[in-house]
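Trainee: Structure here, sequence nowhere to be found:
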């Protein structure tokens, strides 16, 4: 069992930055890939970024490449999403998620534990 708690969301201006954190409980965190998804009102949940169990491999959606960075600290059971150069279209609820195993996917079905989400709002 893995429980995930996100924090760090809030209001930012276009061009600004926010850093999301996701604290995980459970002994299997370091053996799981982790991901971030987001969901805007009326839209489907979409992949944002993922990181392998060791942190040695990452993957990003095209719309965040060069702006967002995913990282993890296995000693602290925490995964981060640094978001720079924010745009109004980044406004969404951001979800932290734990994968089924060590390697990540880009589909919702590749993950089996989800946090409650944290709201990110970017004003123009």
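Mentor: Nice, I can see it. Here the structure is a predicted model, which means the values were calculated and not measured.

Trainee: State the distance from the spatially closest residue to residue 111 that is not a sequence neighbour to residue 68.
Mentor: Sequence neighbours aside, residue 97 is the residue nearest to residue 111 in space, at 4.0 Å (criterion: C-beta to C-beta, 6 or more residues apart in numbering). C-betas here are computed from N, CA, C, even on glycine. Using C-beta to C-beta, to the nearest Å, residue 97 is found at 15 Å from residue 68.

Trainee: Between these two, which is the more surrounded one?
Mentor: residue 97 (26 against 22; other C-beta atoms under 10 Å).

Trainee: Tell me the strands beside the helix or strand of the chain with the lowest mean pLDDT, with direction?
Mentor: In the chain, no helix or strand scores lower on mean pLDDT, DSSP states H and E than strand 111-114, which sits at a mean of 94. Sheet pairing of strand 111-114 (DSSP bridges) gives strand 92-99 (antiparallel).

Trainee: Give me the mean pLDDT for the strand it pairs with.
Mentor: Mean pLDDT, computed over strand 92-99, is 97.

Trainee: pLDDT value on the spatially most central residue of the chain, please?
Mentor: Taking C-alpha atoms, centre = their mean, the centroid of the chain lies closest to residue 36, which sits 2.3 Å from it. Looking at residue 36, its pLDDT reads 98.

Trainee: Check which helix or strand it maps to.
Mentor: Following DSSP states H and E, one finds residue 36 within strand 34-39.

Trainee: mind checking how far that strand is from the chain centre?
Mentor: Distance of strand 34-39 from its chain centroid, counting by C-alpha atoms, centre = their mean, to the nearest Å, is 4 Å.

Trainee: got it, and stretch 49-61?
Mentor: Its chain's C-alpha centre and that of stretch 49-61 lie 10 Å apart, by C-alpha atoms, centre = their mean.

Trainee: Counting neighbours, which bits of that stretch end up buried?
Mentor: Neighbour-count burial for stretch 49-61 flags 49, 50, 51, 52, 53, 55, 59, 60, 61 (criterion: 16 or more other C-beta atoms under 10 Å).
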